[in-house]
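Participant: sharing a model that was predicted from the sequence below.
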Amino acid sequence: MQTKRDISIIDLSPGEFLVIACDSLGGIGSKKEDKINVNNRVVGRLTTQVALMEVLARGRGKDAGKSLFS
C-alpha cells in the first residue's frame, strides 16, 4: 500500500487498484466556535467533493497505480 497525505492506493491484483482519499474541514460548520458558520450539509458536500477530486486526479487504468512518490 502506498500512502501520501490524504490518498492511499492498495494494489488488489495486477491492473486493479483501490484508491482511497479523505479530507477534513476545520473551523467551518455549525458549531459555536467555528470561524465560518455554514450548514452541516454544505460542509459534508464540500469535504466529499475534495476527496472525490483527489481520487479522480489519480487517473484511471494503468496510471492510477503509479507510484505516489514519482
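Facilitator: Received, thanks.
Participant: and the strands in the protein?
Facilitator: With strands called from DSSP state E, the chain shows them at 2-4, 7-13, 16-21, 28-29, 36-37.
Participant: strand 16-21 and the longest one, what's the angle between them?
Facilitator: It refers to strand 7-13. 160 degrees (axes from the mean of the first three to the mean of the last three Cα atoms, to 10 degrees).
Participant: other SSEs contacting strand 7-13?
Facilitator: strand 2-4, strand 16-21 (3 or more Cβ pairs under 8 Å, 6 or more residues apart in numbering; DSSP states H and E). (C-beta placed from N, C-alpha, C; glycine too.)
Participant: then the third one?
Facilitator: Taking 3+ Cβ pairs under 8 Å, 6+ apart as the contact definition, the neighbouring helices and strands of strand 16-21 are strand 7-13, helix 40-57.
Participant: how far off centre is that strand?
Facilitator: Strand 16-21 has its C-alpha centroid displaced from the chain centroid by 11 Å (Cα atoms, centre = their mean, to the nearest Å).
Participant: for stretch 20-36, same thing?
Facilitator: Relative to its chain's centre, stretch 20-36 lies at 15 Å (Cα atoms, centre = their mean).
Participant: repeat that for stretch 41-55.
Facilitator: 8 Å.
Participant: before we move on, back to that, rank the helices and strands packed on strand 16-21 by pLDDT, which is bottom?
Facilitator: Among these, strand 7-13 carries the lowest mean pLDDT, at a mean of 87.
Participant: CA atoms of that strand as PDB?
Facilitator: Coordinates of each C-alpha in strand 7-13 appear next as PDB, following Å, rounded to 0.1, in the frame of the first residue of the first chain:
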ATOM      1  CA  ILE A   7      -4.600   9.500  -0.500                       C
ATOM      2  CA  SER A   8      -3.800   5.700  -0.300                       C
ATOM      3  CA  ILE A   9      -3.500   3.200  -3.100                       C
ATOM      4  CA  ILE A  10      -3.900  -0.500  -2.400                       C
ATOM      5  CA  ASP A  11      -2.700  -3.000  -5.000                       C
ATOM      6  CA  LEU A  12      -5.500  -5.600  -5.300                       C
ATOM      7  CA  SER A  13      -4.200  -7.600  -8.300                       C
END
